[in-house]
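Q: Sequence plus the predicted model coming up.
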Amino acid sequence: MKHQDHIAGKQVLFIIEQLRNEKTFIRMRLPEDDFEQLTIIDDIRSKGDQKFFIIDRPEGFSEDIAPEHGKQVHFEFTGVDRLPYFFHTLIFRIDPKEIWVTFPESIERKQLRRNFRVDVPPGTQMSFYKNGVNIENQVINLSLGGSFCALVRHPLIEKPDLDIASGDSLRDIELIFRSKFSEPQRLKIRKAIVVRVEEKPDISETFCALHFIDMDKSEEKALTELIYIMQREYLKKRLHI
């Protein structure tokens, strides 16, 4: 289910303070200038009755980009609950090393955690047994709720049809994350359902989408952490951090 939570009042201050205290990366975007960058909240200050949060002035942020105060700026971040948050507000003051930003009236939280997908590192695999044969998959993207995979032909299977169809129930699935810096990390999924199969005759590939329906709580927590790490790494590469 997809919906948004509207956060206002004292909870806005609580969230901004949490972002400052934990030095959480937030994505800053100026929609009118096609500018975006990662930054962190350094401080919270008041001027009269108005509150502001202070961010580092990002590299590449010049007066040519934001020549006037009062310019609209958008922010996005991932909360401690692993859900995406976003809000928009106005730039109040631009100093040589920092930017004053007015507190937002509200913050929106998207309830999309189980549907949020990330591309996975090369070499990420999934395996399961079908008709007594171990079938390997190259994972393309992944979410807490499921995955999209390219099926790898098993040498014992001579015909191209892997006998995988929508509605099939798969058990004892293993996700394998490989890294050149550490030993492979393995996660178990007790049960999944095939929700879509796509044949690509032009490249002799079969793709399938799986929905995870039974995982141990500890495995689900580990998968959540991995998705969060991959999301942050993707954002850093995209923004050249």
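A: Sure thing, it's come through.
Q: Which strand residues bridge residue 74?
A: Residue 74 has these beta-bridge partners by DSSP bridges: residue 29, residue 88.
Q: From residue 85, how far off is it?
A: Using CB to CB, to the nearest Å, residue 74 is found at 12 Å from residue 85. C-beta: built from backbone N, CA, C; applies to glycine.
Q: So between these two, which is more surrounded?
A: Neighbours of residue 74 and residue 85, each counted by other CB atoms under 10 Å, are more numerous for residue 85; the result is 21 against 14.
Q: Contact partners for that one?
A: By CB atoms under 8 Å, 6 or more residues apart in numbering, the contact set of residue 85 is 15, 76, 77, 78, 79, 107, 108, 109, 110.
Q: redo that, cut-off 7 Å
A: For residue 85, the contact set (CB atoms under 7 Å, 6 or more residues apart in numbering) comprises 76, 77, 79, 107, 108, 109.
Q: Now list the buried members of those.
A: 76, 77, 107, 109 (16 or more other CB atoms under 10 Å).
Q: picking that back up, could you export the contacts of residue 85 to TSV, including columns for secondary structure and pLDDT?
A: Output for these, formatted as TSV (DSSP: H, G, I helix; E, B strand; the rest coil; pLDDT from 0 to 100):
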residue	secondary structure	pLDDT
76	strand	91
77	strand	88
79	coil	78
107	strand	92
108	strand	88
109	strand	79
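Q: Closest to residue 25 out of those?
A: Taking CB to CB as the measure, residue 25 lies nearest residue 77 of the contacts of residue 85, at 6.9 Å.
Q: Apart from its neighbours in sequence, what residue is nearest the closest one?
A: Computed as CB to CB, 6 or more residues apart in numbering, the closest residue to residue 77 that is not its neighbour in sequence is residue 26, at 4.2 Å.
Q: Can you report how many residues neighbour the one you found?
A: 20.
Q: What separation is there between it and residue 56?
A: Distance from residue 26 to residue 56, by CB to CB: 11 Å.
Q: Next, show the common contact partners of these two.
A: 39, 40.
Q: who's residue 126 bridged to?
A: Beta-bridge partners of residue 126, counted by DSSP bridges, are residue 137, residue 175.
Q: Show the contacting residues for it.
A: Residue 126 touches 137, 139, 147, 149, 173, 174, 175, counting by CB under 7 Å, 6+ apart.
Q: In CSV, list the residues you listed along with pLDDT, neighbour count and distance to residue 230.
A: Shown next, in CSV, are the contacts of residue 126 (pLDDT from 0 to 100; neighbours: other CB atoms under 10 Å; distance: CB to CB, whole Å):
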residue, pLDDT, neighbour count, distance to residue 230
137, 82, 24, 17
139, 85, 21, 11
147, 73, 23, 13
149, 74, 24, 16
173, 88, 21, 19
174, 89, 14, 18
175, 88, 23, 12
